[in-house]
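[1] Please find the sequence and the predicted model below.
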Amino acid sequence: MNSTWNQIIYKVWSPFYDQFFNKGIFLKARREVFKDIEWVQEERVLFVGCGTGADLEYVPHNDIDITAIDFSSDMLDKAREKFHHTDITFLQMDAQDLTFPDESFDIVIASLLLSVVPNPHKCMEEMIRVTKPKGRILIFDKFVPENQELSLFKRGIRPLISLLGTDIGLRFEQVANPFSKQLSIQMDSPIMLNGMYRKIIGIKIQNDKKVRN
């Protein structure tokens, strides 16, 4: 996968995305992901890779400051159309190269994102960077279940599936472990398809710096 190819793929996907990924089991999964999230008034929330805005309806728009970004202008246009009546800020941006200052957001949300970006490690690094100390990172995505091997069938079709813009062989542990001193995983729960899709919540660790006299 690369950024140029992803632009093409999601231009094709944008008219049909909600018909596949915001109905049935995916709709049920999204509701499960967001049902117990506590929102604090005036928090700054970043949706990284908001797509067509499928997750935004589960967030109280009037109480918090929401910024939603996506690399695909076509997907972003769909999200803008849905939420034109809100104060949500929509920006076209690469999740692997966020232009926000360090520690800008209280909550960062990545829904079905890490498995589609060309460099999930860079994406994770950027999400952690822009999260405030003790802030939350919420991830909903598909990963190879921990301590399981990818089946022979999935290994065989993985290159083909990647042409559709997603990776079915990504391991969350490999993405997150390099950041273990920066992010504490508080929840890692199976959501759909026997644990292939997971809800993960991390808290950014506050590193207290010693003040020199």
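    Looks like it came in fine.

[2] Could you tell me which residues within stretch 98-113 count as buried?
    For stretch 98-113, the neighbour count (16 or more other CB atoms under 10 Å) marks 98, 100, 104, 105, 106, 107, 108, 109, 110, 111, 112, 113 as buried. Just so you know, the C-beta spots here come from the backbone N, C-alpha and C atoms, and that holds for glycine as well.

[3] For that stretch, measure first residue to last.
    With CA to CA, to the nearest Å as the measure, stretch 98-113 spans 14 Å from end to end.

[4] and it, how far from the chain's centre?
    A distance of 9 Å separates the centroid of the chain from that of stretch 98-113, by CA atoms, centre = their mean, to the nearest Å.

[5] quick one: residue 156 from residue 99, how far?
    Residue 156 sits 39 Å away from residue 99, taking CB to CB, to the nearest Å as the criterion.

[6] what secondary structure does the residue positioned nearest the centre of the chain sit in?
    By CA atoms, centre = their mean, the chain has its centre lying nearest to residue 110, at 1.3 Å. Here residue 110 takes the strand state, with states given by DSSP: H, G, I helix; E, B strand; the rest coil.

[7] close enough to count as contact, it and residue 137?
    Yes: between residue 110 and residue 137 there is a contact at 7.2 Å, judged by CB atoms under 8 Å.

[8] what residues do those two have in common as contacts?
    Residues touching both residue 110 and residue 137 by CB atoms under 8 Å, 6 or more residues apart in numbering: residue 127.

[9] What are the boundaries of the strands in this protein?
    When secondary structure is read from DSSP state E, the chain shows strands at 44-48, 65-70, 89-92, 105-111, 131-142, 183-192, 197-204.
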